[in-house]
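In: Provide a 3D model corresponding to the input given below.
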Amino acid sequence: MSTPATAAEGTAAESLTSVFVRLKVSLLRNGLRQSAGRRAAYVASMVVALLFAALQFLGLIALRGNAHAAAVGVLLVAVLALGWAVMPLFFPSGDETLDPTRLVMLPLRPAPLIRALLAASLVGIGPLFTLCLAAGAVIAVARGAAALAVGFLAIAFTLLVCVALARAVAAANVRLLTSRKGRDLAVLSGLVVAIGAQFVNFGVQRLGSSGGLAPLEPFADVLRWIPPAAAVDAVDSVSDGAYATALAQLALTAAALAALLYSWQRNLTRLMTSPDGSTLGAAGPTSDGVRGSTGLARLLPFLRADARGGTPSRTATVMERSLRYIWRDPKTKAAWITSLAIGLIVPLFNALQGTGSVYFACFAAGMLGIQMYNQFGQDTSAFWMVAMTISSTRDAYLELCGRALALLVVTLPYATLVTVLTTALLGDWRALPEVLGLSFALLGAMLATGAWSSARFPYSIPQEGYKNVAPGQAGLAWISIFGGMVAAALLCAPVLALTIWLHVAGADAWTWLLLPLGTAYGAGITALGLRLAAPRTAGRLPEILAAVSKG
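Out: The predicted model follows:
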């Protein structure tokens, strides 16, 4: 018999749950009222998500009776759970209720708050999409009344585990998500989607070449014991009469759900009761008494001081500043990681598929060479401090040299690594010297044209949002990047012509000469480009500052 206190707690919990559900609906409704653009984006995303969910649902039902239907369902549910796990990290602003610290001033106990937040999490497009996919996976493998009954339990488990997983991850990383590093992760979300699309494309091509779904079975054999995919496979186990296996899979899923809820509650309690130390000064004087001395100078000794004295040279200072931009600025970091990832994925994936060429390795040098374009845009309005230090053509030349050398510190070893890996996968070691020569020549040409383009066509990079070009400057960005890439390709014509001539003439034994010649050509064209860009940079400092300050 329940006591009045227990009944009161139950009533309060139910009331709190209904309040949070209504709050979630109100947040969605009020968010759509902010602007017509946001309303249109939400409706469009909802239509696309529901259409994709319907296609997935119908496709899974069409697999009913197929020998590999369970493998497909298990893999889809596992990928869906992975998406729920990473969603809070890369889209922290997608749901206003993901940050529980906003409720820290309210007199709420952890257990009722967990139930209320879990119920509120079931409102939205994501849960509806998960429900459709889980239902399709269950229908595809359910055979018999017992399997259908277990299927309803599997759908509920799948939905609850996915939602609890997202909440637990968000609660464990809420300090990160509200910091600068969290904003960095949000900027990198597009990169994650792009890389994931490449893996999906690779997997689809492998399935197409194999002519069936049999290659999925080894992966499904492992994932069928990992919740929430285990709950879906439990339906297939019941259909086959393996009741003990199904019971073990359901018990494993229930244990995983309980563990997630327990972890979520512990992190939530810690967040509600511990002070926020994210703004405390963590940096102090180093052992040598110099603040801010990092491993960067120790890693690159030439950044410490020039040969004439104890103060760093201008080139070294510019190099260190540029490398710090790469590491700390979210937009710059996102651009670099995108170039590094795509420059590696394109040649290696084509080589793995047997359709690539060793010359695809030049793609890495091309992707990284793009980073030389619009060098002053990453400074934004702070470029005035750089402009104040440039009083002559030589100052401008040293500024450009420092930025180019900072890029080369990363680009040269990376382009070499990608070329060696691509050559190793294709087994064409004789082509390694000429491909390296072509890569270095292309890189030098892009550095030269990038320096000139940075001075002639600068544009601003907004620090907030996902846009990489300020409004009204898209034309400048197109001219700067694509015009420079075409010019760089033309500048590489002598090395490319020599490569073609050696192959046509049958002088393959002499292609190794392309490595020293391409390297020397790339270094020479870079030096020439920097020399030509320096006077234009020194003479257009006010125009550059005005262009990069619009964001």
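
In: For the protein, which helix or strand comes out least confident on mean pLDDT?
Out: helix 295-299 (a mean of 50; mean pLDDT, DSSP states H and E).

In: show me the contacts for A142.
Out: A142 sits next to 148, 150-151, 235, 239 when contact means C-beta atoms under 8 Å, 6 or more residues apart in numbering. From N, CA and C alone the C-beta is placed, and that goes for glycine too.

In: Now do A351 against T317, distance only.
Out: Remark: distance between A351 and T317 (C-beta to C-beta, to the nearest Å) = 40 Å.

In: The two - which one has more neighbours?
Out: It is A351, of A351 and T317, that has more neighbours when counted by other C-beta atoms under 10 Å, with 22 against 17.

In: Could you pull up the residues touching that one?
Out: Applying C-beta under 8 Å, 6+ apart, we find A351 in contact with 360, 422, 425-426.

In: still on that earlier bit, filter the contacts of A142 to the buried ones?
Out: Buried residues within the contacts of A142, counting neighbours by 16 or more other C-beta atoms under 10 Å: 150-151, 235, 239.

In: Just the ones of those in helices?
Out: Within the buried ones among the contacts of A142, residues falling in helices by DSSP state H are 150-151, 235, 239.

In: on that earlier part again, is it possible to export the contacts of A351 to CSV including neighbour count and secondary structure?
Out: Output for those, formatted as CSV (neighbours: other C-beta atoms under 10 Å; DSSP: H, G, I helix; E, B strand; the rest coil):
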residue, neighbour count, secondary structure
F360, 20, helix
T422, 29, helix
L425, 17, helix
L426, 19, helix
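
In: Closest one of those to L128?
Out: Nearest to L128 among the contacts of A351, counting by C-beta to C-beta, is F360 at 41.5 Å.

In: Surely the closest one and F349 touch.
Out: No - between F360 and F349 there is no contact under C-beta atoms under 8 Å: 9.5 Å.

In: quick one on the thing from earlier: nearest to M372, of the contacts of A142?
Out: Proximity of the contacts of A142 to M372 (C-beta to C-beta) peaks at V235, which lies at 55.5 Å.

In: Check that closest one and give its pLDDT.
Out: V235 carries a pLDDT value of 92.

In: What's the separation between it and S549?
Out: 60 Å.

In: contacts for the helix or strand harbouring G136?
Out: Using DSSP states H and E, G136 maps to helix 125-141. Contact partners of helix 125-141, identified using C-beta under 8 Å, 6+ apart, comprise 45-46, 49-50, 52-54, 56-61, 63-64, 66, 69-70, 72-74, 76-77, 80, 84, 87, 121, 147, 151, 154-155, 158-159, 162-163, 232-233, 235-236, 239.

In: just stretch 410-428 next, same as before
Out: Here stretch 410-428 makes contact (C-beta under 8 Å, 6+ apart) with 326, 336, 340, 343-344, 347-348, 351-352, 356-358, 360-361, 364-365, 368-369, 371, 429, 431-432, 435-436, 439-440, 443.

In: are any of those buried, and which?
Out: Neighbour-count burial (16+ other C-beta under 10 Å) applied to the contacts of stretch 410-428 gives 326, 336, 340, 343-344, 347-348, 351, 356, 358, 360-361, 364-365, 368-369, 371, 431-432, 435-436, 439-440, 443.
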